[in-house]
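Q: Pasted the sequence and its predicted model underneath.
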Amino acid sequence: MKILFIHAHYDDYEFTAAGTFELWKRRLGKAIRAKVIVCTDGQAGHQFRTREETGRIRLAEQLASARIGGYEFDRLLLPNGAVPREGCLDTTPGLLAALWKAIRDFEPDYLFCPPLPSDPLAGIHLDHVAVAEAVRKVAYLINVPHAFTPEYSAEETTSTPCNVPAIIHVYDPYLAGGNPHDFAVDVEPAFDQMCEMAFCHQSQIMEWVPWVGRHQMKAPTSVADWQQTMRERFRRVSRAAGVNSDRALEIFTVTAWGEVPAFERLLNDVPNILPQASNLERLRQKLARWHAPNEP
Ligand SMILES: [Zn+2]
């Protein structure tokens, strides 16, 4: 089993899927590989550090989180070797090529990425939407072997098929609950570790996020204080998703961008799905519809 998380920024992982990945790893042990890819250089979000220093610190913070979480980590590199600039991400051929290469190299069974907003009135973070759009656009090309051989040269007369993953959306706080979710994972057993991982992002939670004033966050004074902040954050996510639960939940929506997973396989593979906080019957019908032969 291979699971891949692709998102725009350092710290997006910890707030949307780290608990699910952790539980998946606990269940499968050595039989699973988990990887996180961040698509921007992290240089933009700060109010008193230089861009260069901010990018350097953000990378170190993510690597510290990866050591605690035991997941593989890569920055996305464009075909020219550059890391895309934060705050400017766009679905250029270079970004599509880089994603194509990264996904094909890892060949995940499940790919987690940000959603596209279903409501055009919803606010967005442009980098989140760019990653979502780019993953959607590149999904069909994952098993097209020559799609980006101009950027990544390969022997064009012999090609092996590439497994196309099921592609699943994580929650995006910028959309304020505008996208309905399919299932919720009860990540309470991993809550302490999730807090520890998120706490690695000191330049964000102590400096940037309180300054920019999002998420009603105050700078935490201790790890225990931070756990309280995380707890409140998860409550807000649950409420926004219409779920009444005090347990930490991560919520997800299945797409038909890649392979459409069978309902039973999905329920077997993903750990700790909480049925009473999920919309499983609606998901079952949606997957059945996508699996049905096309009507004229
Ligand atoms: Zn982000």
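A: Yep, it's here.
Q: how near is the closest residue to residue 204 other than its chain neighbours to residue 116?
A: Excluding the flanking residues, the one nearest residue 204 by C-beta to C-beta, 6 or more residues apart in numbering is residue 11, at 5.4 Å. All C-beta atoms are positioned from the backbone trio N, CA, C, and that covers glycine. Relative to residue 116, residue 11 is positioned 21 Å away (C-beta to C-beta, to the nearest Å).
Q: Please identify which of the two sits among more neighbours.
A: Between residue 11 and residue 116, counted using other C-beta atoms under 10 Å, residue 11 has the larger neighbour count: 25 against 19.
Q: Contacts only, for the more buried one.
A: Neighbouring residues of residue 11 by C-beta atoms under 8 Å, 6 or more residues apart in numbering: 58, 61, 62, 198, 201, 204.
Q: What number of residues are in the vicinity of the closest residue in space to residue 108 that isn't next to it in sequence?
A: Spatial nearest neighbour of residue 108, chain neighbours left out: residue 4 (3.8 Å); criterion: C-beta to C-beta, 6+ apart. Using other C-beta under 10 Å, residue 4 has 25 other residues around it.
Q: Where does residue 4 sit: helix, strand or coil?
A: strand (DSSP: H, G, I helix; E, B strand; the rest coil).
Q: And the residue of the chain found nearest the ion, how far from residue 75?
A: The chain approaches the ion most closely through residue 9 (3.5 Å), counting by C-beta to the ion. Here residue 9 is placed at a distance of 11 Å from residue 75 (C-beta to C-beta).
Q: for residue 168, same thing?
A: Distance from residue 168 to residue 75, by C-beta to C-beta: 22 Å.
Q: out of those two, which sits in the more crowded spot?
A: Using other C-beta under 10 Å, the more surrounded residue of residue 168 and residue 75 is residue 168, with 25 against 17.
Q: so the more buried one touches residue 251, yeah?
A: No: using C-beta atoms under 8 Å, residue 168 is not in contact with residue 251; the gap is 10.5 Å.
Q: tell me the SS of residue 140?
A: With three-state DSSP as the criterion, residue 140 reads helix.
Q: Report pLDDT for residue 233.
A: On pLDDT, residue 233 comes in at 91.
Q: doesn't it fall inside a helix?
A: Yes: per three-state DSSP, residue 233 lies within a helix segment.
Q: let's number from 27 now, not from 1
A: Shifting the count to begin at 27 puts that one at residue 259.
Q: how about the helices in the stretch 27-176 of the chain?
A: Secondary structure of the stretch 27-176 of the chain (DSSP state H, counting those that start in this stretch): helices at 38-42, 44-54, 77-95, 119-132, 152-165.
Q: How about the contacts made by residue 246?
A: Here residue 246 is in contact with 225, 231, 232, 252, 254, 255 (C-beta under 8 Å, 6+ apart).
Q: try residue 190
A: Per C-beta under 8 Å, 6+ apart, neighbours of residue 190: 165, 168, 169, 284, 285.
Q: Reformat these into a markdown table and put distance to the ion, pLDDT and neighbour count next to each item.
A: Listed next are those as a markdown table, based on distance: C-beta to the ion, whole Å; pLDDT from 0 to 100; neighbours: other C-beta atoms under 10 Å:
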| residue | distance to the ion | pLDDT | neighbour count |
| --- | --- | --- | --- |
| 165 | 21 | 98 | 22 |
| 168 | 23 | 98 | 24 |
| 169 | 28 | 97 | 15 |
| 284 | 22 | 97 | 23 |
| 285 | 26 | 97 | 17 |
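Q: Dump the residues you listed to JSON lines, plus distance to residue 296.
A: Shown next, in JSON lines, are those (distance: C-beta to C-beta, whole Å):
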{"residue": "165", "distance to residue 296": "19"}
{"residue": "168", "distance to residue 296": "21"}
{"residue": "169", "distance to residue 296": "23"}
{"residue": "284", "distance to residue 296": "15"}
{"residue": "285", "distance to residue 296": "15"}
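Q: tell me the most buried of the helices of the stretch 27-176 of the chain?
A: helix 38-42 (a mean of 25; mean count of other C-beta atoms under 10 Å).
Q: The residue of the chain closest to the ion: how many residues sit nearby?
A: 26.
Q: per-residue confidence at it?
A: 97.
Q: Let me see the contact set for it.
A: Residue 35 neighbours (C-beta under 8 Å, 6+ apart): 64, 66, 68, 71, 112, 153.
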